[in-house]
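> Below are the sequence and a predicted model; questions follow.
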Amino acid sequence: MSKKANITVIGFPKILSSCQEVAEEYFNNANFLYYQYIPEISGVKYISSSPDHPLGNRAKSFKRVNHDIIIVGVVTAKVMEGINENNVIPFRAGHKALIKALIKAKQIADRAAFICPIEEKHDVSFYENLLGISIDIYYAEHLSDYLRFCVDAKQKGHSVVISGSYTFQIAKDYGLTPVFLFSDHDIFHDAYTRALETHRYNQSLEEKVAQLEIISQNSEDSVIFVNRSNHITFTNKVAEQKLQLHPGRISGKHVSNVFSFISADMLDQKKNSEIIGSMNREPMLVAIHPVFVGPSAVGNVLMAKKVNEIRAMDSRIRQKMRHKGFTAKYTFQDILGDSPALQQCKNDAELYAASEAPVLIYGATGTGKELFAQAIHNSSPRKRFPFVAINCATLPAELMESELFGYVKGAFTGASSAGKQGLVDQAHLGTLFFDEVDSLSTSLQAKLLRLLQEKEFIRVGGDEVIPVDIRIIAACNKKQLEDQEKNLLRQDLFYRLSTLYLALPDLLERKSDIPL
């Protein structure tokens, strides 16, 4: 059940009488205790302040009042201490109130001084011409300004001062005629409306924070909530354990004092983003997610994870992917035969398994090129990771590129709205086997060459360079490789792939391996 709000109105008696009249109309209940039509409000309390009571001391005493929302004059609001500024609703004078005050001032004199807080800028030039009154505006920044401006207005020959309640008595003391700016009931109606909106906003924020806390306490990430002024207000237990961010030490601190690599500008962007930084010499990834209540951003949720944790997670995911079929089934024990030519190939291949260099396997059709590729993978340090095989002759070049490198959202007509991960990505930490590599188009061979050289690629339709850790084994037909006219393999790619090469013997060279 939603919490009901206590509204406290603080002001001089002149203001309170008007507030009570408006409250009776606004809440439609004369006793102001239990409101039937606005159930969120439990009651309105009125505190009268005296003009001769020092404003600073008076404001300090207000924090002892049992209230959720305070409606108060602009001057008093500026000096209140120990109270959440978001729960303080200052009176605001609109055009209607200003016109009424100017008309009243005109009835007294043809010129007047208008003293108001610097936060309330008013353009009175139109009304001066319309009403035939000359106005000198004074914008007060400090409390002492109000007395100083009254003295100045008196010296300049003004007899009338338009002002709020704080200046009202000062003007009287200096023989000036004060015209009260806050005499229009719409001002108080607006204040109650904003008080109600503030309470509803606070309730919504409290509910959202409670939901975030439940989610964050069950998250495996370190979760930190930062308010709209970029100060830390919450950390979950994971942040305490893994990042040593104890609430007692960091609560209320500016986020940049804890995460030196996160600036206020990053948080003010109001969009999801990621940044890599370092804390206690450990690299980490921090995801920034703005939190909105309605259209307003109320802060950001930071989700931090150490890079070594991400790598471990990535390793677990890729190991699980082996169960999707990206596995090598065969080992050297599955390659049968005792002929010297075959034994020499097996010996060479076993040596190659310990290396990270590319391997080019070539031989006639049916000599077991993929069998050797799988055996090399299963004897290598990458054997726990995926073995991804692709036959380069089975797909046209247009499809081969997206199959190989994947694509981003909207890369082409018919593309998945979520994008797609390519085989290169899925082979990360493992082995990628290109069968009939010479069937690749010239442009794809160039991209494969870059993959070999730089260990990075770009998805179709994307612009992000993605690093990848894979070993490449390729195979092609011996006859086509030797036939200069039919050989479509680029020379630079051939030399890069054949860092280690394995020439499989034809059956004619190993007749003894053929069972009779």
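All right, it came through fine.

> neighbours of R471, just the number please.
23 (other CB atoms under 10 Å). C-betas here are computed from N, CA, C, even on glycine.

> next one: E454
Each residue near E454 was counted by other CB under 10 Å, and the total is 11.

> Next: G277.
14.

> For it, which residues are in contact?
Shown in contact with G277 (CB atoms under 8 Å, 6 or more residues apart in numbering): F259, S260, F261, I262, P283, M284, V286.

> how about a cut-off of 7 Å?
By CB atoms under 7 Å, 6 or more residues apart in numbering, the contact set of G277 is F259, F261, I262, M284, V286.

> buried subset of the residues you listed?
The neighbour-count test (16 or more other CB atoms under 10 Å) marks F259, I262, M284, V286 as buried among those.

> Tell me the pLDDT of the second one.
Among the per-residue scores, I262 shows a pLDDT of 89.

> before we move on, what about the first one?
Model confidence at F259, expressed as pLDDT, equals 89.

> What of the last one?
pLDDT recorded at V286 is 90.

> That one falls within a strand, correct?
Yes. Membership of V286 in a strand is supported by DSSP: H, G, I helix; E, B strand; the rest coil.

> burial count for the closest residue to it other than its chain neighbours?
By the measure of CB to CB, 6 or more residues apart in numbering, the closest residue to V286 outside its immediate chain neighbours is A304, 4.7 Å from it. Using other CB under 10 Å, A304 is surrounded by 25 other residues.

> Also I133?
Neighbours of I133 under the rule other CB under 10 Å: 20.

> Now for it: which residues touch it?
Contact analysis of I133 by CB under 7 Å, 6+ apart lists L102, A105, K106, D110, R111, A112.

> Could you check how far the closest residue to the fourth one other than its chain neighbours is from C150?
Think D110. Distances taken as CB to CB, 6+ apart place I133 nearest to D110, at 6.0 Å, with adjacent residues excluded. According to CB to CB, to the nearest Å, I133 stands 19 Å off from C150.

> remind me which residues of the stretch 101-250 of the chain are low pLDDT?
Across the stretch 101-250 of the chain, the ranges flagged by pLDDT under 70 are 183-185, 212.

> Can you show me the helices along it?
125-131, 143-155, 165-173, 185-217, 237-242, 247-250 (DSSP state H, counting those that start in this stretch).

> circling back: buried only: go through the contacts of I133 for me.
Among the contacts of I133, those buried by neighbour count (16+ other CB under 10 Å) are L102, A105, K106, R111, A112.

> Quick check: the farthest pair among those residues?
Distances among the buried ones among the contacts of I133 were taken as CB to CB; the most separated pair is L102 and R111, at 11.4 Å.

> secondary structure element for F261?
Taking DSSP states H and E as the definition, one finds F261 inside no helix or strand.

> For Q453, report the pLDDT, please.
At Q453, pLDDT is 92.

> Break down the stretch 301-450 of the chain into its strands, ranges please.
Assigned by DSSP state E, counting those that start in this stretch, the strands in the stretch 301-450 of the chain fall at 359-363, 387-391, 406-407, 420-421, 431-435.

> and Q445, which of the ones you listed is closest to it?
Nearest to Q445, of all the strands of the stretch 301-450 of the chain, is strand 431-435, at 10.1 Å by CB to CB.

> The closest one pairs with which strands?
Taking DSSP bridges as the criterion, strand 431-435 sits next to strand 387-391 (parallel), strand 471-477 (parallel) in its sheet.

> Which residue lies nearest the spatial centre of this protein?
Among the residues of the chain, the one closest to the centroid is H289, at 2.6 Å (CA atoms, centre = their mean).

> With distance to G368 and mean pLDDT as extra columns, can I get the strands paired with strand 431-435 in CSV?
Formatted as CSV, those follow (distance: least, CB to CB, whole Å; pLDDT from 0 to 100):
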stretch, distance to G368, mean pLDDT
strand 387-391, 14, 92
strand 471-477, 10, 92
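
> which of those sits most buried?
When the strands paired with strand 431-435 are scored by mean count of other CB atoms under 10 Å, the highest mean neighbour count falls to strand 471-477 (a mean of 25).

> Identify the residues contacting E128.
Neighbouring residues of E128 by CB under 7 Å, 6+ apart: S134, I135.

> start at 267 instead
Renumbered: residue one is now 267, and that last one reads E394.

> Check the spacing between R494 and L773 real quick.
On the measure of CB to CB, R494 and L773 end up 76 Å apart.

> Of these two, which one has the most company?
Shown here are R494 and L773; by other CB under 10 Å, R494 has more neighbours (15 against 12).

> need the contact list for that one.
Counting by CB under 7 Å, 6+ apart, R494 makes contact with A563, V564, G565.

> Need phi/psi at it.
phi -70, psi -20 (degrees, to the nearest 10).

> for G685, same thing?
Backbone torsions of G685, given as degrees, to the nearest 10, read phi 80, psi -180.
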